[in-house]
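Novice: Sharing a model prediction with you, sequence too.
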Amino acid sequence: MTENSRYATEWLTIPDLVELLDEPLGKVRRLIDENYLVGSRRDGVFKVPAVFLVDGRPLPSLRGTIIVLHDAGFDPDETIDWLLTPEETIGLAPIEALLAGRKSEVRRVAATLA
């Protein structure tokens, strides 16, 4: 899959997240450690896709989906790539389906990837 066919998003660094979420660094790190957000090193810097935040908070349906993908053996890079890449069985990128409230469908597809 090429970069161009992926869902376009800005990437946020940890300092960006501290500012946007208006939370201390420790809380931001906990959100990542506890799978409310997922990020990876991009260009040598740890970043999180901006689309994973809605109204200044982590997208509520993201955490369970991240956990399902981790349980399927996905690492953070693979998790992000799957969420941002159009998925044939869903008809669009999983993150778009999550934003549209289609959490059950996304998790059902994610669970079949193990």
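Specialist: Great, that's in hand.
Novice: can we go C-alpha only for contacts and neighbour counts from here?
Specialist: Noted.
Novice: where exactly do the strands run in the chain?
Specialist: 11-13, 40-42, 45-49, 53-54, 57-58 (DSSP state E).
Novice: looking at the ones you listed, which one has the lowest mean pLDDT?
Specialist: Here the strands of the chain differ in mean pLDDT, and the lowest is strand 40-42 at a mean of 92.
Novice: which residues are in contact with that one?
Specialist: Strand 40-42 has contacts (CA atoms under 8 Å, 6 or more residues apart in numbering) with F46, K47, V48, P76, D77.
Novice: ranking those by neighbours, who comes first?
Specialist: Taking other CA atoms under 10 Å as the neighbour criterion, V48 ranks highest of those with 24 neighbours.
Novice: Look up the residues forming beta bridges with that one.
Specialist: Beta-bridge partners recorded for V48 (DSSP bridges): L12.
Novice: right, and it touches Y36 too?
Specialist: No - with contact defined as CA atoms under 8 Å, V48 does not reach Y36; the gap is 11.1 Å.
Novice: thinking again about what came up before, can you tell me which of the strands of the chain comes nearest to R30?
Specialist: Across the strands of the chain, R30 has its closest neighbour in strand 57-58 (12.2 Å, CA to CA).
Novice: From the chain's centroid, how far away is that closest one?
Specialist: With CA atoms, centre = their mean, to the nearest Å as the basis, strand 57-58 stands 11 Å off its chain's centre.
Novice: Starting from that strand, tell me which strands it pairs with and how they run.
Specialist: Sheet pairing here is set by DSSP bridges, and for strand 57-58 it gives strand 53-54 (antiparallel).
Novice: hmm, which helix or strand of the chain has the shakiest average pLDDT?
Specialist: strand 40-42 (a mean of 92; mean pLDDT, DSSP states H and E).
Novice: what about the closest residue to L25 other than its chain neighbours, how many neighbours?
Specialist: Nearest residue to L25 in three dimensions, chain neighbours excluded: V18, at 5.9 Å (CA to CA, 6 or more residues apart in numbering). V18 has 17 neighbours, counted by other CA under 10 Å.
Novice: and the gap between V18 and G56?
Specialist: Counting by CA to CA, to the nearest Å, the gap from V18 to G56 is 11 Å.
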